[in-house]
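A.B. asks: The following comprises the amino acid sequence and a computationally predicted model.
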Amino acid sequence: MNSPKEMMNSILILLLCALFSSTSHAVLQNFCKADLRLQQTPTGYPCLPSESVTADDFKSSFNGKPGIPVPTNAVLYPAAVQNFPIVNGGRISGGLVELAPGGSLPLHTHGANEILIVFSGRMDVGLLTPRRAYQNTLGPRDFTYFPEGMQHYLINSGPGKAVAFAAYSSDGPPFNFLHLTLFSNNVSSPILSDVSFIGEPDIRKNKARFNGTG
Ligand SMILES: *[C@@H]1O[C@H](CO)[C@@H](O)[C@H](O)[C@H]1NC(C)=O
């Protein structure tokens with residue numbers, strides 16, 4: 001006859017065995033190079049066969065790449081699933097942000113938490129919440145945190161170029177720029193003015209600038 005204590009011990013051992021076997025399965029699946037020709041799903045792209053993955057898939061470079069220009073004298077260099085498919089489903093990505101003198105990255109959000117580390121130059125950064133804003137000036141080796149879904153901005157406040165590294169808790173968080181959400185649409189200017197508290201002349205001016213209509 002088993003004592004209650006012996007039974008508890010057997011249950012514990014069974015649970016540990018189950019945990020161990022499930023983690024060792026996970027280890028076999030710990031990378032999945034995206035097949036970018038197929039449709040992205042909520043958990044990532046379908047995988048290419050792991051036998052086709054080589055060391056080259058684990059290395060990439062921004063050298064010689066143009067980056068993504070943002071109208072305000074900023075260039076983004078993402079290291080995300082779309083250009084670095086080995087991170088598919090890995091819940092992580094990164095990128096370089098370069099701000100020319102006088103440049104900025106206007107208000108935006110991501111579907112990911114972000115840590116931003118400044119390499120060179122100086123950046124004024126701000127995090128906006130419905131109740132208050134958190135503003136800081138960052139120099140080389142300083143870093144900051146932008147939580148998922150919160151509006152934030154970067155302004156080059158130094159005399160030269162400013163460069164930062166950004167890490168994201170998602171394999172490819174889109175940039176949702178507030179100015180595009182507000183002005184690159186076809187909602188009529190009077191309605192947008194009513195619901196945004198922005199004057200109609202400014203709405204019309206910015207719709208013209210950011211390819212909106214209405
Ligand atoms: C805006 O565009 C959508 C299609 O993208 C269309 O269905 C809608 O009627 C347009 N609205 C106006 C006010 O033009």
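C.D. replies: Structure's in. What do you need?
A.B. asks: Could you look up the SS state of residue 192?
C.D. replies: helix (DSSP: H, G, I helix; E, B strand; the rest coil).
A.B. asks: Now it: closest residue in space that isn't a chain neighbour?
C.D. replies: residue 203 (5.1 Å; CB to CB, 6 or more residues apart in numbering). (Each C-beta comes from the backbone N, C-alpha and C, glycine too.)
A.B. asks: Distance check, that neighbour against residue 80.
C.D. replies: 32 Å (CB to CB, to the nearest Å).
A.B. asks: do you know how far residue 172 is from residue 112?
C.D. replies: As judged by CB to CB, residue 172 and residue 112 stand 9 Å apart.
A.B. asks: Can you check which residues contact both of these two?
C.D. replies: Listed as contacting both residue 172 and residue 112 by CB atoms under 8 Å, 6 or more residues apart in numbering are residue 93.
A.B. asks: The ligand contacts on this protein?
C.D. replies: 186, 188, 214 (CB under 6 Å from any ligand atom).
A.B. asks: what about the strands in the chain?
C.D. replies: For the chain, applying DSSP state E gives strands covering 68-70, 74-79, 93-99, 104-109, 114-120, 123-128, 133-138, 143-146, 151-156, 162-168, 176-177.
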